[in-house]
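1. Generate a structure from the sequence data that follows.
(one chain, ligands or ions: 1)
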Amino acid sequence: MKFTIAIDLGGTIIKIGLMKEGQLCDRMEITARSASGLKTQLPELQAAIDKILINNHLSSNDILGIGFSFAGLVDSSKNRIVSTNQKYDDGPETDLVGWAKSNWDLPLFAENDARMALLGEWKHGAGQGCENLVMVTLGTGIGSAVLIEGKLLKGKHFQAGNLGGHFTVNHLGKICTCGNVGCMESEASTWRLPELIRYNPGYEASSLKNEALADFEALFRNAQNGDHLALEILDHCYSVWSAGLISMIHAFDPEIILLSGGIMKSADVFLPELQHRINQYAWTPWGKVQLIAAKNISNSALFGADYLVRSLMEL
Ligand SMILES: [Zn+2]
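-> Just a heads-up that it's a prediction; the model follows:
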């Protein structure tokens, strides 16, 4: 059994995993410069992969292939990036397959990062044994992916299931980075949160004013201490997230929704509240959709990339 190389290209961190039979054998992180594009980052990524191979006394002959997880829309039939949203915007002009071939003579398989994370959790994490699930990553933005009857939902243009964060939850809302109005992501995500906090009339009187970082960790902490503005904004976020998740439930008919992303540090607080709202409002006569925290929050996409390579190379 050979190894695989798994790459997870996020907006702030690039993770590289050396994998074998679903095990993470070695791991490296490099700082992402996603605003500067993809091509400028490839030499550094190449050096990191070479270093992992040398450190583990391996050559490219020991590697089955490379799984490439990307924060954007991906055509997984051609292993090309289709569309980006303010991260690695030269991605569609970058020949990743050619890059892997010329450097290591290895095949490369690309997929959207939420789909990779879903595959990782389905095969090695909290989604094991479930054939109908939705994965939602609550981070800087909001990503999603869908598995129906054991198959990844992709669609004609490879975007089906990936745009859950851009479901409209407020038709009178803010313009999103995607061009739509009132997306789940533009109404309540890490990139929007500082504006929600600092432009609120209650900001001057709020304990949030003392926070250096206007992030969800600060929001949850101040809400727990009873700050009125933090409680008000948190309630708004719960409403937005539950509206988005209920639309995903109505669209995709999952048994469970796996939640992942940076915000999961506060999962013990928000999961029960979101579950309560979903139980109240979702139309699911067969039972209740369970919200479950992902198991391998920082490595799901690496496990998914390994599974994707092995399933495509060995079948
Ligand atoms: Zn949007």
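2. which SS class is the closest residue to the ion within the stretch 201-315 of the chain?
-> Of all residues in the stretch 201-315 of the chain, residue 244 sits closest to the ion, at 11.0 Å by C-beta to the ion. Any C-beta I mention is one placed from the backbone N, CA and C, and that applies to glycine too. Following DSSP: H, G, I helix; E, B strand; the rest coil, the label given to residue 244 is helix.
3. Quick check: residues of this structure near the ion?
-> When proximity is defined as C-beta under 5 Å from the ion, the chain approaches the ion at 166, 176, 178, 180, 183.
4. where does the residue lying closest to the third one once chain neighbours are set aside fall, phi/psi-wise?
-> Spatially, and ignoring its direct neighbours in sequence, residue 178 is nearest to residue 166 (5.1 Å; C-beta to C-beta, 6 or more residues apart in numbering). Residue 166 has phi and psi values of phi -110, psi 20 when expressed as degrees, to the nearest 10.
5. And for residue 80?
-> The phi/psi pair for residue 80 (degrees, to the nearest 10) is phi -130, psi 150.
6. what about it, how many neighbours?
-> Residues lying near residue 80 (other C-beta atoms under 10 Å) number 18.
7. Look up how far residue 125 lies from it.
-> Using C-beta to C-beta, to the nearest Å, residue 80 is found at 27 Å from residue 125.
8. How about residue 297?
-> When residue 297 is compared with residue 125 (using C-beta to C-beta), they lie 9 Å apart.
9. Please say which of those two ends up with more neighbours.
-> The neighbour comparison of residue 297 against residue 125 (other C-beta under 10 Å) goes to residue 125, with 24 against 19.
10. Can you tell me, leaving aside adjacent residues, what's nearest to the more buried one?
-> residue 295 (3.7 Å).
11. do the same with residue 169
-> Per C-beta to C-beta, 6+ apart, closest to residue 169 is residue 243, 4.3 Å.
12. neighbours around the one you found, how many?
-> If you count neighbours by other C-beta under 10 Å, residue 243 ends up with 19.
13. per-residue confidence at it?
-> On the pLDDT scale, residue 243 is placed at 97.
14. Residue 171 is in contact with that one, correct?
-> No - under the criterion of C-beta atoms under 8 Å, residue 243 makes no contact with residue 171, lying 11.5 Å away.
15. Show me which residues of the helix or strand hosting residue 278 are buried.
-> Here residue 278, judged by DSSP states H and E, is contained in helix 267-281. Residues of helix 267-281 classed as buried: 267, 270, 274-275, 277-278 (neighbour count, 16 or more other C-beta atoms under 10 Å).
16. what about that helix, average pLDDT?
-> Rounded mean pLDDT across helix 267-281 is 95.
17. Give me the buried positions along whichever helix or strand comes after it.
-> Counting by DSSP H and E, the next helix or strand C-terminal to helix 267-281 is strand 290-293. With burial defined by 16+ other C-beta under 10 Å, the residues of strand 290-293 counted as buried are 291-292.
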